[in-house]
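Novice: here are the coordinates; sequence isn't available:
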């Protein structure tokens, strides 16, 4: 969760005293009850009085953003050197008074400050990364065998079809100017033929091993087990198939399709299931990364526990010994983006089948992301000024605390203020005398 201030430092400043409270117009009339509850939770005492007012009437100056420091909790603490108490206001408020109002800060300067956050997903992310590395060591030999089998089938396709493809495009191997053609149509056809020729050279350059042929099909683990190829980055104009009556790009993809069709029936079902499951670690990692982007939001403790339970269940499913194959390899073309590799043309993927553990893992990973994002409370969008909270001691005491907070750090329904535990401070049970002292409403 993104945070702007240190609620624990505010609690320490309020502890053990009875406070009157001045609430600015930003919080409105319902804010009076919320502020009274805030003071009770943090100080252990009910607020003596909650009145309407404004920060500018109480103090001269503004909280300093320049000398912001990071406290022991990892949250920012702000300086009050530029603030002075208005003497007229002091005479009207001689007791310990807490002032809460919209902070008089420059929004551009505020928005440019480094962000702070509480909570971390580093332990599970690191565990997933370690598991992926260990699993790759186990599955690696199978992946190598798949790549070798794909290469053999693809090499056979190249040997069978490349001579005819090259012969059909040799006439356009060298680029020629517009002046060499009688009309624009034949010139555009030549440009298409030359683009196809250049595209073809990436396949013609393939040597005797997979390492010498970047365009050969290979197995990748990204959201599951998939087979894809990295196509040449040569630009071919969109209308070329119509001008030439042939789509050479698709014909070259056809060589990959044929290699995949010849290879996948012979792959081990159990190892395919395991490779597909290993590929899902990346999907779980991506879902967890998205969940854990620091945002302005709050979570109930029970929801955090449920999120941890669901994540733990995913870990147990990944480690399960169930490798029964309920599906198999299917032809499925799409463009996929593989981390560390880039864009690939997918030609096939492993479909674990309905009712398989792998399908349950995939659905649970996506469900975890959606569930956590839905369970967030008090979601806020950036762009509004923070709340300033200033504690002024009784009598001639100086300013005792200056803080800037996102509104949801202080007020979030039953969750209360966001303390260093990551949850809410407990409101003390009001006794009979305290209940009488609490403000009406």
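Specialist: Sure thing, it's come through. Keep in mind it's a predicted model, so treat the numbers as computed, not measured.
Novice: Once you drop chain neighbours, what's closest to the spatially most central residue of the chain?
Specialist: With distances taken as CA atoms, centre = their mean, residue 290 lies nearest the centre of the chain, 2.3 Å away. Closest residue to residue 290 in three dimensions, ignoring its sequence neighbours and counting by CB to CB, 6 or more residues apart in numbering: residue 369, at 5.9 Å. (C-beta placed from N, C-alpha, C; glycine too.)
Novice: Which phi and psi values does that neighbour adopt?
Specialist: Listed backbone geometry of residue 369 is phi -60, psi -50, with angles given as degrees, to the nearest 10.
Novice: Quick one: neighbours of it, just the number.
Specialist: Using other CB atoms under 10 Å as the criterion, residue 369 is surrounded by 18 other residues.
Novice: For it, give me the pLDDT.
Specialist: With respect to pLDDT, residue 369 has a value of 93.
Novice: So the most far-flung residue of the chain relative to its centre, which state does it fall into?
Specialist: Ranking residues of the chain by C-alpha distance from their mean position (CA atoms, centre = their mean) puts residue 182 at the top, at 56.4 Å. Under DSSP: H, G, I helix; E, B strand; the rest coil, the three-state class of residue 182 is coil.
Novice: What pLDDT does the model give it?
Specialist: pLDDT, residue 182: 92.
Novice: One more: residue 422?
Specialist: 48.
Novice: Off-centre distance for stretch 147-165?
Specialist: Using CA atoms, centre = their mean, to the nearest Å, the mean C-alpha position of stretch 147-165 is found 41 Å from that of the whole chain.
Novice: Let me see the mean pLDDT of it.
Specialist: The average pLDDT within stretch 147-165 is 96.
Novice: Buried residues, that stretch. List them.
Specialist: Applying a neighbour-count criterion of 16 or more other CB atoms under 10 Å, one finds 147, 149-151, 153-155, 157-158, 161-162, 165 buried in stretch 147-165.
Novice: Ok, stretch 395-406 next?
Specialist: Taking 16+ other CB under 10 Å as the basis for neighbour counts, the residues of stretch 395-406 that come out buried are 399-406.
Novice: Go through the buried residues of stretch 147-165 and flag which are in helices.
Specialist: Residues from those lying in helices, with DSSP state H as the criterion: 147, 149-151, 153-155, 157-158, 161-162, 165.
Novice: Which single one of the buried residues of stretch 147-165 is nearest to residue 177?
Specialist: If you rank these by distance to residue 177 using CB to CB, residue 165 comes first, at 25.4 Å.
Novice: what sits against that closest one?
Specialist: If you count contacts by CB atoms under 8 Å, 6 or more residues apart in numbering, residue 165 has them with 200, 248, 251-252.
Novice: As CSV, those with secondary structure would be great.
Specialist: Putting these into CSV (three-state DSSP) gives the following:
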residue, secondary structure
200, helix
248, helix
251, helix
252, helix
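Novice: Check which residues of stretch 333-345 are buried.
Specialist: Residues of stretch 333-345 classed as buried under the neighbour-count rule (16+ other CB under 10 Å) are 336, 338, 344-345.
Novice: And these, which is closest to residue 265?
Specialist: The nearest member of the buried residues of stretch 333-345 to residue 265, counting by CB to CB, is residue 345 at 21.1 Å.
Novice: Run through who's touching the helix or strand containing the closest one.
Specialist: Under the criterion of DSSP states H and E, residue 345 resides in strand 342-351. With contacts defined as CB under 8 Å, 6+ apart, strand 342-351 is touched by 217, 220, 224-231, 253, 256-257, 260, 264, 272-273, 275-276, 327-338.
Novice: And for residue 64, the neighbour number?
Specialist: Neighbourhood size, residue 64 [other CB under 10 Å]: 15.
Novice: ugh, wrong one, residue 316
Specialist: Residue 316 is flanked by 8 other residues according to other CB under 10 Å.
Novice: picking up where we left off before, want to throw the ones in helices among the buried residues of stretch 147-165 into CSV with distance to residue 64?
Specialist: Compiled in CSV, those are given as follows (distance: CB to CB, whole Å):
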residue, distance to residue 64
147, 60
149, 67
150, 63
151, 65
153, 69
154, 66
155, 69
157, 70
158, 69
161, 72
162, 71
165, 71
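Novice: From residue 303, how far off is the residue nearest to the centre of the chain?
Specialist: Taking CB to CB, to the nearest Å as the criterion, residue 290 is separated from residue 303 by 17 Å.
Novice: doesn't residue 6 make contact with residue 73?
Specialist: Yes. Using CB atoms under 8 Å, residue 73 is in contact with residue 6, at 5.7 Å.
Novice: Who has more neighbours out of those two?
Specialist: Taking neighbours as other CB under 10 Å, residue 73 and residue 6 compare with residue 6 leading, 28 against 16.
Novice: Pretty sure the more buried one sits against residue 68.
Specialist: No. Assessed by CB under 8 Å, residue 6 is found out of contact with residue 68, at 10.8 Å.
Novice: Find the residues that touch each one of the two.
Specialist: Taking CB under 8 Å, 6+ apart as the contact criterion, the residues that touch both residue 6 and residue 68 are 76-77.
Novice: need the strands for the stretch 301-441 of the chain, in chain order.
Specialist: Defined through DSSP state E, counting those that start in this stretch, the strands belonging to the stretch 301-441 of the chain, from first to last, are 328-338, 342-351, 387-392, 399-405.
Novice: Figure out which of the ones you listed is closest to residue 52.
Specialist: Taking CB to CB as the criterion, residue 52 comes closest to strand 387-392 out of these, the separation being 15.1 Å.
Novice: Then the residue nearest to the centre of the chain would be within a helix, right?
Specialist: Yes. Assessed by three-state DSSP, residue 290 belongs to a helix.
Novice: residues near the closest residue to residue 269 other than its chain neighbours, how many?
Specialist: What sits nearest to residue 269 in space, not counting adjacent residues and going by CB to CB, 6+ apart, is residue 325, at 3.6 Å. The local packing of residue 325 (other CB under 10 Å) involves 17 other residues.
Novice: ditto for residue 324
Specialist: With neighbours defined by other CB under 10 Å, the count for residue 324 comes to 14.
Novice: For the strands of the stretch 301-441 of the chain, give me a markdown table that also has mean pLDDT and distance to residue 310.
Specialist: Listed next are the strands of the stretch 301-441 of the chain as a markdown table, based on pLDDT from 0 to 100; distance: least, CB to CB, whole Å:
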| stretch | mean pLDDT | distance to residue 310 |
| --- | --- | --- |
| strand 328-338 | 93 | 26 |
| strand 342-351 | 95 | 24 |
| strand 387-392 | 92 | 34 |
| strand 399-405 | 90 | 31 |
